[in-house]
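1. structure for this input, please:
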Amino acid sequence: MSKLSKRVSLIKESPTFAIINKAALMKKNGQNIIVLAAGEPDFDTPEHIKNAAIEAIKNGKTKYTPSSGTNELKQAIVDKFKRENNLNYSLDEVIASNGGKHSIYNALQAIINPDDEVIIPAPYWVSYPDMVLLAGGKPICIPCGIEDDFKLSAEKLSQAITNKTRAIFINSPSNPTGMLYTESELLAIAKVLKNYPDTFIISDDLYEHLIFEKQQFKNLANIMPELQDRIIVINGVSKAYSMTGWRIGYTACNNKPLIKAMETIQSQSTSNPCSISQSAAVAALNGGIACVEPMLKEFIHRHEYAVKRINNIPGLHCLKAQGAFYVFFDCSVAIDKLYNSKKITEKTDLAFTNFLLENYLVAGVPGSAFGLENFMRISFATSMEELKSGLDRIEQALSNI
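-> As a prediction, the model looks like this:
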């Protein structure tokens, strides 16, 4: 029998999709499952964006485009960064890809050599370590617990970074915690990174427009412009514009050789992003963020509700988030009580989430999938009715322990 490549054995299926697929199978078998696992807004894509895609189809924009995206889309990306972030890029310093995940994958493939180290603050988005491994790198995961507000400090970074560190991830607002780095926190981190000129910073800004508090979004490129040729800004239209299925992400960096390398990698793997989706993304970026505001208002309402409910459930505790659409809560006390009462056979967050799914038909994602054990993530990117019902079931599961 032919053998598979060694790299396949290094990675695992996305835990989020594993939970979603298990829940979908249970639902298919007739069980009334409430899924609070997916990071996908329940809102429809705004009408002007859908109309732009329809017009693109009618006008025959159904052919190959340049592998890095159309000039129209790249200009919209450049204009977006100037207008919304006060950052300046040229057309050959941006590239459009098949979603934010693809953008990160291409960036890692372009910068990582075997055994290069990549610092990843934990909790992290589930795909970061696996994509580093696929690139031949070594993930260095730094635990940042609830006592740290789930954020990497300059002190912890100083202790972990070495001359082998090729890149570091900064995700703000964060998936899974919703935490936002302040300007002072970013400045302290930037001062450390200034001393390591061979280290890239991957700034994952996918949730940029989903911020609950009245503060302006900043990333490291705003805080310390002299690092801009090393700051790889990752963004996309999926989260803010409810366009997850359209698969358009983009990268910007004041480093033309890096962007050219990413374009070469993309040209030999996926080629261009979907031409129709590119036209839709142009409408999204050029249309501004007014269409995002009603969705954000509802996310804020759901967030406040979810935090209050969770903190009133025995054995659970969570912090308020500053953005995104997740609640990442400590369930260590609940796990202990369930284990001691023999309702679960292992004292783990995976056993906890399976207990909720199999016995109370509500799906979340265990914290260990994000690199921090004894936590659980639920998404409130679903209807308030589903959110209420899901939390009712979690409360019911834990009310007797």
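
2. show me what the helix or strand hosting Ala261 is packed against.
-> Ala261 is part of helix 256-267, with elements assigned from DSSP states H and E. Using 3 or more C-beta pairs under 8 Å, 6 or more residues apart in numbering; DSSP states H and E, the elements in contact with helix 256-267 are strand 94-97, helix 100-111. (C-beta placed from N, C-alpha, C; glycine too.)

3. tell me how far it lies from the chain's centre.
-> 22 Å (C-alpha atoms, centre = their mean, to the nearest Å).

4. who touches whichever helix or strand comes after it?
-> Beyond helix 256-267 on the C-terminal side, the first helix or strand identified by DSSP H and E is helix 275-286. The contact list for helix 275-286 (C-beta atoms under 8 Å, 6 or more residues apart in numbering) reads 45-46, 48-53, 55-57, 61-65, 69-70, 72-73, 76-77, 79-80, 96, 237, 241, 243, 246-248, 272.

5. could you pick out the buried ones from those?
-> Taking 16 or more other C-beta atoms under 10 Å as the criterion, what is buried in the contacts of helix 275-286 is 45-46, 49, 52-53, 56, 61, 65, 69-70, 73, 76-77, 80, 96, 237, 241, 243, 246-248, 272.

6. out of the residues you listed, which sit inside helices?
-> Assigned to helices by DSSP state H, the following of the buried ones among the contacts of helix 275-286 qualify: Ile49, Ala52, Ala53, Ala56, Leu73, Ala76, Ile77, Lys80.

7. please name the nearest non-neighbouring residue to the second one.
-> Sequence neighbours aside, Ala283 is the residue nearest to Ala52 in space, at 3.5 Å (criterion: C-beta to C-beta, 6 or more residues apart in numbering).

8. then the last one?
-> Setting aside the residues directly before and after it, Lys80 is nearest to Leu285 in space (C-beta to C-beta, 6+ apart), at 4.7 Å.

9. state the distance from that neighbour to Glu84.
-> 9 Å (C-beta to C-beta, to the nearest Å).

10. again, but for Lys239
-> 15 Å.

11. okay, those two: which has more neighbours?
-> Lys239 (25 against 16; other C-beta atoms under 10 Å).

12. for the more buried one, what are its contacts?
-> Gly39, Pro41, Leu206, Tyr207, His209, Leu210, Ala324, Phe325.

13. just the buried residues of those residues.
-> Gly39, Pro41, Leu206, Tyr207, His209, Leu210, Ala324, Phe325.

14. what's the closest of the residues you listed to Phe355?
-> Of all these, Phe355 sits closest to Gly39, with 22.4 Å by C-beta to C-beta.

15. quick one: the closest one and Ile19 touch, right?
-> No: with contact defined as C-beta atoms under 8 Å, Gly39 does not reach Ile19; the gap is 11.8 Å.

16. re the thing from before, got JSON lines for the contacts of Lys239, with distance to Ser127 too?
-> Formatted as JSON lines, these follow (distance: C-beta to C-beta, whole Å):
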{"residue": "Gly39", "distance to Ser127": "12"}
{"residue": "Pro41", "distance to Ser127": "19"}
{"residue": "Leu206", "distance to Ser127": "12"}
{"residue": "Tyr207", "distance to Ser127": "15"}
{"residue": "His209", "distance to Ser127": "21"}
{"residue": "Leu210", "distance to Ser127": "19"}
{"residue": "Ala324", "distance to Ser127": "16"}
{"residue": "Phe325", "distance to Ser127": "18"}
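
17. widest-spaced pair of these?
-> Among the contacts of Lys239, Gly39 and His209 lie farthest apart (C-beta to C-beta), at 14.7 Å.

18. who touches Ile34 in this structure?
-> Ile34 neighbours (C-beta under 8 Å, 6+ apart): Leu361, Val362, Ala363, Glu386, Ser389, Gly390, Arg393.

19. one more pass at 10 Å, please.
-> Counting by C-beta atoms under 10 Å, 6 or more residues apart in numbering, Ile34 touches 23, 27, 356-357, 360-364, 378, 382, 385-394.

20. hey, where'd the strands end up in the protein?
-> 34-35, 94-97, 117-122, 138-143, 165-171, 200-204, 231-236, 249-252, 317-318, 326-330, 362-363, 365-366, 375-379 (DSSP state E).

21. go ahead and confirm Ile95 touches Thr70.
-> No: using C-beta atoms under 10 Å, Ile95 is not in contact with Thr70, being 11.5 Å away.

22. what do the two both touch?
-> By C-beta under 10 Å, 6+ apart, Ile95 and Thr70 have these common neighbours: Pro273.

23. got a pLDDT number for the residue lying closest to Glu226 once chain neighbours are set aside?
-> If the residues on either side of it in the chain are set aside, Glu226 comes closest to Lys194, at 7.5 Å by C-beta to C-beta, 6+ apart. At Lys194, the pLDDT value in this model is 97.

24. from Asn311, how far off is Lys194?
-> Look at Lys194 and Asn311: by C-beta to C-beta, they are 39 Å apart.

25. repeat for Leu152
-> Taking C-beta to C-beta, one finds Leu152 at 25 Å from Asn311.

26. dump the residue contacts of the residue nearest to Glu226.
-> Met224, Glu226, Leu227, Arg230.

27. the second one is in contact with Ala190, isn't it?
-> What that stands for is Glu226. Yes: with contact defined as C-beta under 10 Å, Glu226 reaches Ala190; the gap is 9.0 Å.

28. which one's more surrounded, those two?
-> Taking neighbours as other C-beta under 10 Å, Glu226 and Ala190 compare with Ala190 leading, 20 against 9.
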